[in-house]
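**Student:** Could you look at this predicted model? Sequence included:
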Amino acid sequence: MAGKQGLLRSGWSMVGRNKRYLVWFYLLNLTLAEYGSSAFRNQAHGILDHSLQADRLLHGFDIGVFADMLARPEFGPTMASTMPAIYFAVLFFVATALFLPGVLQGYASTYRLPREDFFRASGRNLWRFIRLMIVAGIVMGIVAGALFGIRSALLKAAGESTNELLPFFVSMASLLVIFLVMSGIRIWFDLAQTDVVLSDQRAVRKSIRAGFRHMRRDLGRLLASYVVTTIVAAIVLVAGLWVWMKFVPPASVIGAFFVSQLTLLLLLIPRFWQRGAAVTYYLQNMVEPIAVVESFTSVAVVAPVPPGVPPETQAS
Amino acid sequence: MKIRSIILFFPVILVIGLSLVVMQPAASAAPPQAAGVSAAKAVTAPVAAGSTGAIAIPDTTLAINSAKPMSERVVHYEIDAKYDAVKHIVDATEVLTYHNLTGQALDHFPFHLYQNAFQQKATWVNEAKVMGSRDMDYAKWEDKDYGSEEIRNLEVVGQGDLTAQLHYIAPDDGNKDDKTVIELHVPKPIAPGEYVQFKIAFQTKFPETQARSGYRRDFVLGGQWFPKVGVWWHGAWNCHQYHNTTEFFADFGVYDVKLTLPQYEVVGASGVKVNEVSNPDSTKTLTYHGDDIHDFAWTASPRYKVKDDGVFQGQMGPVKMQILMQPAHWSQVEQHEKILRESLDHFERWYGPYPYKAITLVDPEPDSAAGGMEYPTFITGFTSWFMPKGMHVPELVVEHEFGHQYWYGMVATNEFEDAWMDEGINSYSEVKVLDSILGQQTSVINLAGATLSERALQRSSYIGVADVDPIAQNAYDYYNSNSYAGITYGKTASVLLTLESIIGEDTMAKAMQVYFMKYRFTHPTKEDFLKTIEEVSGRDLRWYFNQSVYGTQVLDYKVLRIESLPVNWYAEKKSAGKDDKNTVYRSYVWLQRKEDFVMPVVVEIKFENGETIREHWDGVSRWTRLGPYEKKTKIMSTEIDPDHRILIDRNDFNNSYTAEVNGKPAVKVTNYWQFMTQWLGQALAWWVV
């Protein structure tokens, strides 16, 4: 069990101890994207493979040639390539929702979580996560809708100003506020998810309440850790794109693939880091009372005893 | 329809008639006048029956670097306007002197009232709703979006108050609710060679910027804001309604305009400023004078920062460059001046002198739909406070609008009927000039390894609408606004660039220069332009013009197949796997004309040993086979139009074929796509799970 370490530090060490989750999620992300981009790939090969015009895409990137390619009837309608990409992106999101409970269980474990326990945790919490996601979706939708509505009104008012930069600053400031509010909600439901998994909480409303209570109680500390990790993600993205543009020769297909994939792999870390921070917070603040459960798979898992439930039923 | 029939069936007769009119004795030349002198020296001429005094068109040269007028001056506008900066309303009086050079007596006069286009039942709005518009969503019309232009009183000197005689006409579509053209019948016809003077009191209410005219916040762009008489062209009045996709057409003349507005306003306008007076009521009156121009526009905003110390030494004299910038864009003022100066330089060297003493470049109010517009000696640019160095949008817009000083400003074609002759020819010039200044492949974008050329941009806008409309048709008859833009701008530029491959780049440049010098300060027709190219090149180009200008034929040539087979294929089969350096191959190339545009093409065949052959195909038959080529090597690739001179080919990808598959380009672009797909998945998982 984690001591009273900083959320970021402890969360980071959880990510470090469980790098396999990162790799598996990355490979899942890559595999699904391979399928998601297959329609685009086939259409591009069909047009470019035997054409000298394609050289203008290889040795540089001529936007006109690229637009030409997209506009060709044989490339097909835009939907033919965008929809698979969206479907497989959604599939990755679903897979994340499915396997995340196992990840949280693994982060809370002091030992390497066996595969069967990982999947057991994932399966056991699937329906709970779906319910949590529905509630989170409703809350986020309402709050985001209201905030973006306010933002739109502010931008319209700022647009009447004679100071050209005002709309930009209003836009940036409002996006920052929206980001902070949405991060708060994200923290709330991250804690609720962690509580559901590690407390084996069937009544997700209790976890939602607990998550909200703790989010309010330690908002500054939690939000700071989430903001820091988001900034790290932004830096990773910008740095990755910069390296890609600056150092990868235009014709280096392998170099571009390597840099882009490394960037995407690194981009996964901040979110897992946030999850680690949430688990750390849970272990430090939300477990009461704590019972150490001896699993017959010999994995030490910390879990709270839900009120009114005999401890023997808590075995994972 | 009447006007169109006349143009179609009687052009020769009308040109002869017009020529006779033009051959009347020209006004005597006046000496150059010192700046600050606004008085106009007039040439006496017969005055309309019933007139009370001598009326004439001034022969001033105050605003041009020429000792004598450069155009045949038909009109003289003297406008005294007061601008209400709160209500965005102009109250003005206009004295219009018209010189009847038509060769016949005129008993009626049509006037444009352009600002009436911005009314709900107007043709302009009807078309915008159906065809699409770049300006605004017309489902969201508010009171502020309306404009109006009302003649309060009209008197014809010598004939009295004729306000009651005014009536709206709709010569193009018969829309009784359209008030963009008003007609006046005069009781006493104006004889050939006579002058007539109209004294008009009018009020114009500007809309929130529409079609690069109107107000936005406390900014205003006064374009097409006063009653303008139509043009007598080819034996009839040419005064079209204002359409969603059309611009303007007017006669050359002299403008003397007084603008009275609040003292805090910073003002820019066509022509040259000759006087400025502060009034006791916190207003000021600015007087502008323009020579040999056919329109007058002005702008005012309290926040413009002005740079007016730039001077371009033109072939006819110095040209003062006045640049009005938004404060947030002030860091780009040098960039704007540079492209303006370079544009002036290129146009003077390539086409002919810029004769005016001034050019005003306006950076309009942000988010105002007033950017990218041309008026005589007055243009608006387009930029933003955030403009990365490799994004050449300001250069593109400034160059294009400056180009209109030549193709519209001086070569004053009919923008209602021949929009391609100003927008299209200007887009061609734009490609050439920007290629020269910013590089052929990087003239629009050169940012982070990504490039976009102006010629690719023009071609892209064309290929999507290639078989919809011809170039040569009325601007308001296009299928929709995309077709109008794609054909008028994109196709014309692509057609003229392709023409270079037929007659040669130097010949084309010469033809453009001859066309400008011959037709500046006139209203040439499409045939004037096309015949000039034929005359300069010494070639009959009807086969090309009929397809590309008058027709909707689409060009698409394809390398259908390449094949290299051993001559002694049976023997080669038996010795398969052995050294084949001595194997002789018989190679063929099949080419296909996929569409209906017929054009000779050059074909380049490359062999694996580095040898290259160039062939010519007349392109008439649907397909052809080139070869056989018997060599100890196989064909590596074949390319139609290897120099990439044919921009109107709808599909550039099938212009070439390589024997070997090169999958790297597809892998490269797919990698971008896959990156975005992966990132989208991660982002979704980040926020939603």
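**Tutor:** Thanks, I have it.
**Student:** Flag every buried residue along stretch B:288-304.
**Tutor:** B:288-301, B:303-304 (16 or more other Cβ atoms under 10 Å in any protein chain shown). Every residue, glycine included, has its C-beta placed from N, CA and C.
**Student:** Repeat that for stretch B:309-324.
**Tutor:** B:310, B:312, B:314, B:316, B:317, B:319, B:321, B:322, B:323, B:324.
**Student:** ok, back up a step: nearest to chain A among the buried residues of stretch B:288-304?
**Tutor:** Taking Cβ to the nearest Cβ as the measure, chain A sits nearest to residue B:303 out of the buried residues of stretch B:288-304, at 6.3 Å.
**Student:** Quick check: chain neighbours aside, which residue is closest to residue B:507?
**Tutor:** Spatial nearest neighbour of residue B:507, excluding adjacent residues (Cβ to Cβ, 6 or more residues apart in numbering or on different chains): residue B:537 at 5.0 Å.
**Student:** check the buried residues of stretch B:288-304 against chain A, which are close?
**Tutor:** residue B:303 (Cβ under 8 Å from any Cβ of the partner chain).
**Student:** from the buried residues of stretch B:288-304, which two are the most distant?
**Tutor:** B:292 and B:303 (32.1 Å; Cβ to Cβ).
**Student:** farthest residue from the center of chain A?
**Tutor:** Distance from the centre of chain A peaks at residue A:52, with 40.8 Å (Cα atoms, centre = their mean).
**Student:** wait, what's in contact with that one?
**Tutor:** Listed by Cβ atoms under 8 Å, 6 or more residues apart in numbering or on different chains, the contact partners of residue A:52 are B:637, B:639, B:655, B:656, B:658.
**Student:** Which residues belonging to stretch B:350-369 are considered buried?
**Tutor:** Under 16+ other Cβ under 10 Å, the buried positions of stretch B:350-369 are B:350-366, B:368-369.
**Student:** Also stretch B:327-337?
**Tutor:** B:328, B:329, B:332, B:333, B:335, B:336, B:337.
**Student:** just those now: which is nearest chain A?
**Tutor:** The closest of these, once distances to chain A are taken by Cβ to the nearest Cβ, is residue B:328, at 4.2 Å.
**Student:** Name the SS class of that closest one, please.
**Tutor:** helix (DSSP: H, G, I helix; E, B strand; the rest coil).
**Student:** Could you do the one 10 residues further on as well?
**Tutor:** Here residue B:338 is recorded as helix under three-state DSSP.
**Student:** just residue B:348 next, same as before
**Tutor:** Per three-state DSSP, residue B:348 ends up helix.
**Student:** wouldn't it be in contact with residue B:313 here?
**Tutor:** No: contact criterion Cβ atoms under 8 Å: residue B:348 and residue B:313 do not qualify, at 9.8 Å.
**Student:** okay, how far is it across stretch B:624-640, tip to tip?
**Tutor:** One end of stretch B:624-640 sits 13 Å from the other (Cα to Cα, to the nearest Å).
**Student:** now check that stretch, is it near chain A?
**Tutor:** Yes: shown here: stretch B:624-640 in contact with chain A (Cβ under 8 Å from any Cβ) through B:637, B:639.
**Student:** Need the contact partners of that stretch.
**Tutor:** A:52, B:557-559, B:562-564, B:567, B:581-591, B:601-609, B:611, B:613, B:615, B:617, B:649, B:655-660.
**Student:** Over to stretch B:468-482?
**Tutor:** Contacts of stretch B:468-482 (Cβ under 8 Å, 6+ apart): B:4, B:127, B:130-134, B:172, B:240, B:243-247, B:415-420, B:424, B:464-465, B:483-484, B:486-488, B:491-492, B:495, B:526, B:548-552.
**Student:** for stretch B:533-548, same thing?
**Tutor:** By Cβ under 8 Å, 6+ apart, stretch B:533-548 touches B:471, B:491, B:495, B:498-499, B:502-504, B:507-508, B:510-511, B:514-515, B:530, B:553, B:597-599, B:648.
**Student:** how about that stretch: buried residues?
**Tutor:** For stretch B:533-548, by 16+ other Cβ under 10 Å, it's B:533, B:534, B:536, B:537, B:541, B:544, B:545, B:547, B:548.
**Student:** Could you pull up phi and psi at the fifth one?
**Tutor:** Meaning residue B:541. phi -110, psi 20 (degrees, to the nearest 10).
**Student:** Let me see the ranges of the helices in the stretch 151-300 of chain A.
**Tutor:** Applying DSSP state H, counting those that start in this stretch to the stretch 151-300 of chain A gives helices spanning A:165-198, A:204-217, A:219-247, A:253-281.
**Student:** Check which helices and strands the longest one sits against.
**Tutor:** Based on contacts counted as 3 or more Cβ pairs under 8 Å, 6 or more residues apart in numbering or on different chains; DSSP states H and E, the elements that helix A:165-198 packs against are helix A:78-108, helix A:126-159, helix A:204-217, helix A:219-247, helix A:253-281, strand A:300-304.
**Student:** at 7 Å instead, please
**Tutor:** Applying 3 or more Cβ pairs under 7 Å, 6 or more residues apart in numbering or on different chains; DSSP states H and E, one finds that helix A:165-198 contacts helix A:78-108, helix A:126-159, helix A:204-217, helix A:219-247, helix A:253-281.
**Student:** hang on, the earlier thing: tell me which of the contacts of stretch B:624-640 fall in strands.
**Tutor:** Counting by DSSP state E, the contacts of stretch B:624-640 place B:557-559, B:562-564, B:585-591, B:601-607, B:613, B:615, B:617, B:656-658 in strands.
**Student:** what subset of the residues you listed is also close to chain A?
**Tutor:** For chain A, the contacts drawn from these by Cβ under 7 Å from any Cβ of the partner chain are B:656, B:657, B:658.
**Student:** which residues sit in contact with the second one?
**Tutor:** The one in question is residue B:657. Shown in contact with residue B:657 (Cβ atoms under 7 Å, 6 or more residues apart in numbering or on different chains): A:50, B:559, B:562, B:637, B:638.
**Student:** so can I have CSV of these showing distance to residue B:93, pLDDT and neighbour count?
**Tutor:** Formatted as CSV, the contacts of residue B:657 follow (distance: Cβ to Cβ, whole Å; pLDDT from 0 to 100; neighbours: other Cβ atoms under 10 Å in any protein chain shown):
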residue, distance to residue B:93, pLDDT, neighbour count
A:50, 70, 97, 20
B:559, 68, 98, 24
B:562, 74, 97, 21
B:637, 71, 98, 22
B:638, 70, 98, 27
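**Student:** Closest to residue B:64 out of those?
**Tutor:** Of the contacts of residue B:657, the one sitting nearest to residue B:64 (Cβ to Cβ) turns out to be residue B:559, at 54.3 Å.
**Student:** Pull the distance from stretch B:500-514 to the chain's centre.
**Tutor:** 20 Å (Cα atoms, centre = their mean, to the nearest Å).
**Student:** Tell me which residues are up against that stretch.
**Tutor:** B:350, B:351, B:352, B:499, B:532, B:533, B:536, B:537, B:539, B:544, B:645, B:646.
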